[in-house]
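Participant: Mind folding the following:
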Amino acid sequence: MVLETLYDILRSEKHPLTLTIMAFIVTTVAMLLAYNSFAEATSVSTLLFITLGFMPIIHRIFISEEEKDIDEKDVPFAFIATHFDVVRAYGWIFVGMVIAFSFWAVVLPDSSEKCSGTIGCMLPTKGLVFSEQKKVHFAITGKITDGFAATGNFIGEGQCFGAGKSFERCFMLIFKNNFGVMARAIVFSFLWGAGAIELLAWNASVIGFFIGSEITEKSFSAGLSRAIGYLPHGMPEVMAYFIAAIAGGIIHAAISKKVFRHFELRTVLIDVALLCLLATITLFIAALIETAAIFNYWDISIAGVAAFFVLFFVLYIPSVRYRIDKIRESNQ
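Facilitator: Numbers count the residues shown, from 1 in each chain. From the prediction side, this is the model:
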């Protein structure tokens, strides 16, 4: 496939910028294909085409990761030390998709009635691309955007806001919702290998729409502030989804081989269990940071951010040692 060949040429896992650019291009092409194939379902179809675009690349990465589990089984903390490359790859793909969705949330026209030129009239409207994202925007903020109206209460109105709000109830709501997303990431990756890309693309589209709306309604600096505001709880939350996707993808890659080496399946299952545990802990920290920010408990929020960085710094140390040992071996 074209993308798979491009991946080999650019060696994208070692060049984050190329992977980000690739994600931007894939997202844009997916949006145009979705509009020209299923115009009324552009919002959902775009995610499907993004998943299809990245499926061969992600599958090859997971095959490589599963082999690392077996080849490096004697490395301390190999369950995380050998997976930082794929976590980084997921991260730059996600950044590329967020940039793409933010860009199109600003650039796309609100209506096609006054389009001009062949290219201009080929572009979908903002309402078609972000129809589902607008519903989420209302559900989270209770704010009507671009004439979109909905009924009912917005998410967390009783638990996190209003007279009956409670730190414990708000935390459980956020953690429960995010845990459900994480569980789906594991299942989707297990069933389809790159299936979790669709969930990541969905989250990227929602964030991109939020950022784009801030830029359109206010200013670029307002959109940038919104993006920065997502970082404290967004980084650990999305990291948990990455790790969960890796866990499911490794199982998928191992089973698809059909032939196993001695102790291979046991090693993979232990690795996957540890990855799931790490993802859950990371998601717990993310929910704590977000809840503390809602209630203005900045000491707890800062402590949560610090805990996240300390956790992954400690886990990254074996990876550094592992890489140094590999360099020494290659020079002997």
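
Participant: tell me the pLDDT at the spatially most central residue of the chain?
Facilitator: Nearest residue to the geometric centre of the chain (Cα atoms, centre = their mean): residue 200, 3.5 Å. pLDDT for residue 200: 87.

Participant: Would you check that it makes contact with residue 90?
Facilitator: Yes: the pair residue 200 / residue 90 is scored as a contact, 7.1 Å apart, by Cβ atoms under 8 Å. Placement of C-beta: from N, CA and C, glycine included.

Participant: Tell me where the stretch 201-332 of the chain has strands.
Facilitator: Shown for the stretch 201-332 of the chain, no strands are assigned by DSSP state E, counting those that start in this stretch.

Participant: quick one: low-confidence ranges for the chain?
Facilitator: 1-16, 59, 62-82, 112-121, 137-158, 193-195, 257-264, 317-332 (pLDDT under 70).

Participant: that older thread, state the helix or strand in which the residue nearest to the residue nearest to the centre of the chain when sequence neighbours are not counted lies.
Facilitator: Nearest residue to residue 200 in three dimensions, chain neighbours excluded: residue 94, at 5.5 Å (Cβ to Cβ, 6 or more residues apart in numbering). Here residue 94 is covered by helix 84-107, with elements defined by DSSP states H and E.

Participant: Also residue 197?
Facilitator: helix 196-217.

Participant: ok, and for that helix, which residues are buried?
Facilitator: Using 16 or more other Cβ atoms under 10 Å as the test for burial, helix 196-217 gives 196-216.

Participant: do the same with stretch 42-57
Facilitator: Buried-residue list, stretch 42-57, by 16+ other Cβ under 10 Å: 42-43, 45-57.

Participant: same check, this time on stretch 19-34
Facilitator: In stretch 19-34, counting by 16+ other Cβ under 10 Å, buried: 19-24, 26-34.

Participant: and residue 111, what does it touch?
Facilitator: Neighbouring residues of residue 111 by Cβ atoms under 8 Å, 6 or more residues apart in numbering: residue 125.

Participant: what about it, which SS state?
Facilitator: Following DSSP: H, G, I helix; E, B strand; the rest coil, we place residue 111 in the coil state.

Participant: Between helix 196-217 and the helix ranked longest in the chain, find me the angle.
Facilitator: With secondary structure taken from DSSP state H, the chain has its longest helix at helix 220-257. Using axes from the mean of the first three to the mean of the last three Cα atoms, to 10 degrees, the inter-axis angle of helix 220-257 relative to helix 196-217 is 170 degrees.

Participant: and residue 299, how far is that from residue 247?
Facilitator: 33 Å (Cβ to Cβ, to the nearest Å).

Participant: Would you mind telling me which of those two has the busier surroundings?
Facilitator: residue 247 (28 against 8; other Cβ atoms under 10 Å).

Participant: Would you confirm that the more buried one contacts residue 272?
Facilitator: Yes: in this structure, residue 247 is within contact of residue 272 by Cβ under 8 Å, at 4.6 Å.

Participant: which residues of the stretch 51-200 of the chain fall in helices?
Facilitator: 78-81, 84-107, 118-122, 126-129, 131-141, 167-192, 196-217 (DSSP state H, counting those that start in this stretch).

Participant: Check the offset of the second one from the chain's centre.
Facilitator: Translated: helix 84-107. Distance of helix 84-107 from the chain centroid (Cα atoms, centre = their mean, to the nearest Å) equals 8 Å.

Participant: Can you point out the buried residues in that helix?
Facilitator: 84, 86, 89-106.

Participant: Next, the angle helix 220-257 makes with it.
Facilitator: Taking the same axes, to 10 degrees, one finds helix 84-107 and helix 220-257 inclined to each other by 140 degrees.

Participant: Counting by contacts, list what helix 84-107 packs against.
Facilitator: helix 16-37, helix 42-71, helix 126-129, helix 196-217, helix 220-257 (3 or more Cβ pairs under 8 Å, 6 or more residues apart in numbering; DSSP states H and E).

Participant: Would you format the ones you listed as TSV with distance to residue 164 included?
Facilitator: Formatted as TSV, the helices and strands packed on helix 84-107 follow (distance: least, Cβ to Cβ, whole Å):
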stretch	distance to residue 164
helix 16-37	40
helix 42-71	33
helix 126-129	35
helix 196-217	26
helix 220-257	23
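
Participant: For residue 160, which of those is the nearest?
Facilitator: helix 220-257 (13.0 Å; Cβ to Cβ).

Participant: before we move on, back to that, so which of the helices of the stretch 51-200 of the chain comes closest to residue 252?
Facilitator: That would be helix 167-192 among these, by Cβ to Cβ, at 5.3 Å.

Participant: Check which helices and strands that closest one sits against.
Facilitator: Short answer (3+ Cβ pairs under 8 Å, 6+ apart): helix 167-192 packs on helix 42-71, helix 196-217, helix 220-257, helix 264-294.
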